[in-house]
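J.: whatever this is, show me its structure:
(2 chains)
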Number of protein chains: 2
Amino acid sequence: MKIKPQIRVLGIDDGSLEGEEILLVGVVFRGGFWIDGLLSAWIKKDGTDATEKIIFMVKNTKHEDLRVIMTDGITFAGFNTIDIEKISRETSLGVIPVMRRMPDFKKIGRALDNFADKQERWQCIEKAGPIHCIPVHRGVLYFQCAGLEKEEAEKIIGLTCMHSQIPEPVRVAHIIATGIIRGEASRKP
Amino acid sequence: MKIKPQIRVLGIDDGSLEGEEILLVGVVFRGGFWIDGLLSAWIKKDGTDATEKIIFMVKNTKHEDLRVIMTDGITFAGFNTIDIEKISRETSLGVIPVMRRMPDFKKIGRALDNFADKQERWQCIEKAGPIHCIPVHRGVLYFQCAGLEKEEAEKIIGLTCMHSQIPEPVRVAHIIATGIIRGEASRKP
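T.: Below is the predicted model of the structure:
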């Protein structure tokens, strides 16, 4: 995979948990440099529609030059867990979930006990594969990947972490999603 | 007024005219470089609340380092016209409305005939003062200003027109506001 500094990246994050329909924002970035476009969708709180909504978003955009999707972890709108393998397969794009901290799987497992379809949700988490760690700025970033090599994901993270420990497309998706719902953005994803 | 390349600018634009409440997005930019935050509000279609909503937005933000407001013209949500003098006075910030084309005042006057308070709305337009023109990239940009000198406004336009003929904070506010409402942004403000 050829990775140019201005590789088109879709950064995805969700808004605050207010109501039953949660805003999902996708920001089209050129590398970590500037915004080319914005996609949005509404997903169900604790639902199972995030995977399909992201696939629909990407398949129907006019931004045909997208190469990679970076997401703020793999659960949105509470426990609306995404299947990154399926997203990668159906969109033909690489998918890189990034996390500021190592997820607490014990806590997640306990929370999932409340769901009748616990098994399917847990499977999404397992299918997302191993969690890697990369030094960025003065900290570290955890990430997973589907549809591209770990080394390629590392290169893209390096290119997009311009101003913080969070890749610019995900940082900005977070600012927009929370700013629209709350009236003002919270500082960190 | 001291103008640094990373001067904090609030870029404002509205979303598509769908429904009676129209989304107003304010993006906090460092010069034309990157996004620091996002503010939002809802204003009434053809209402008279845009001026107050912008003043409230700015007075209540945690972004205390804001210096200038750049807006996509002076009418939002149909004919919700803003009073840039009042916004400047009450927020102590410079205000720079920018326009891709020279407004057609005859057309605006005819459209305002439908409003009982035509006089007040027309006054906002008159109070916004002369329209200046500045070359940017391979075109020109029209602008007005309140609370700062024309030469200062020109300098700020020069600093923020990074990727197009529209200053980056206004370009991005447009992408976000239309992208949230329509699911995908239209290309140009």
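
J.: my read is residue A:86 is in a helix, agree?
T.: Yes - applying DSSP: H, G, I helix; E, B strand; the rest coil, one finds residue A:86 inside a helix.

J.: quick one, what contacts it?
T.: Contact analysis of residue A:86 by C-beta atoms under 8 Å, 6 or more residues apart in numbering or on different chains lists A:51, A:55. Using the backbone N, CA and C atoms, a C-beta is placed for each residue, glycine as well.

J.: C-alpha coordinates for stretch A:1-14, PDB please?
T.: The C-alpha coordinates for stretch A:1-14 follow below in PDB (Å, rounded to 0.1, in the frame of the first residue of the first chain):
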ATOM      1  CA  MET A   1       0.000   0.000   0.000                       C
ATOM      2  CA  LYS A   2       1.400   3.400  -1.100                       C
ATOM      3  CA  ILE A   3       1.100   5.900   1.700                       C
ATOM      4  CA  LYS A   4       1.400   9.600   0.700                       C
ATOM      5  CA  PRO A   5       1.500  12.400   3.300                       C
ATOM      6  CA  GLN A   6      -1.900  13.600   2.000                       C
ATOM      7  CA  ILE A   7      -3.600  10.100   2.100                       C
ATOM      8  CA  ARG A   8      -7.300  10.600   2.400                       C
ATOM      9  CA  VAL A   9      -8.500   9.400   5.800                       C
ATOM     10  CA  LEU A  10     -12.000   9.200   7.200                       C
ATOM     11  CA  GLY A  11     -11.900   9.900  11.000                       C
ATOM     12  CA  ILE A  12     -14.900   8.700  12.900                       C
ATOM     13  CA  ASP A  13     -16.300   9.500  16.400                       C
ATOM     14  CA  ASP A  14     -19.700   9.800  18.100                       C
END
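
J.: and that stretch, is it in reach of chain B?
T.: No - against chain B, stretch A:1-14 shows no contacts by C-beta under 8 Å from any C-beta of the partner chain, the least distance being 11.5 Å.

J.: pull out the buried positions in that stretch.
T.: A:3, A:7-14 (16 or more other C-beta atoms under 10 Å in any protein chain shown).

J.: ok, stretch A:77-95 next?
T.: Under the neighbour-count criterion of 16+ other C-beta under 10 Å, stretch A:77-95 has A:77, A:79-88, A:90-91, A:93-95 buried.

J.: from the buried residues of stretch A:1-14, which ones fall inside strands?
T.: Judged by DSSP state E, strands contain the following of these: A:8-14.

J.: circling back to that earlier point, in TSV: the buried residues of stretch A:1-14, plus pLDDT.
T.: Below are the buried residues of stretch A:1-14 laid out as TSV (pLDDT from 0 to 100):
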residue	pLDDT
A:3	92
A:7	94
A:8	96
A:9	97
A:10	98
A:11	98
A:12	98
A:13	97
A:14	96
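
J.: quick check, nearest of these to residue A:68?
T.: residue A:9 (5.0 Å; C-beta to C-beta).

J.: picking that back up, farthest-apart pair in the buried residues of stretch A:1-14, please.
T.: Across the buried residues of stretch A:1-14, no pair lies farther apart than A:3 and A:14, at 26.8 Å, counting by C-beta to C-beta.

J.: between the buried residues of stretch A:77-95, which sits nearest residue B:64?
T.: residue A:77 (32.0 Å).

J.: how much space between that closest one and residue A:51?
T.: Going from residue A:77 to residue A:51 by C-beta to C-beta, to the nearest Å gives 12 Å.

J.: next one: residue A:59
T.: 13 Å.

J.: check residue A:161 too.
T.: From residue A:161 to residue A:51 the distance is 26 Å (C-beta to C-beta).

J.: same check, this time on residue A:57
T.: In terms of C-beta to C-beta, residue A:57 sits 11 Å off from residue A:51.
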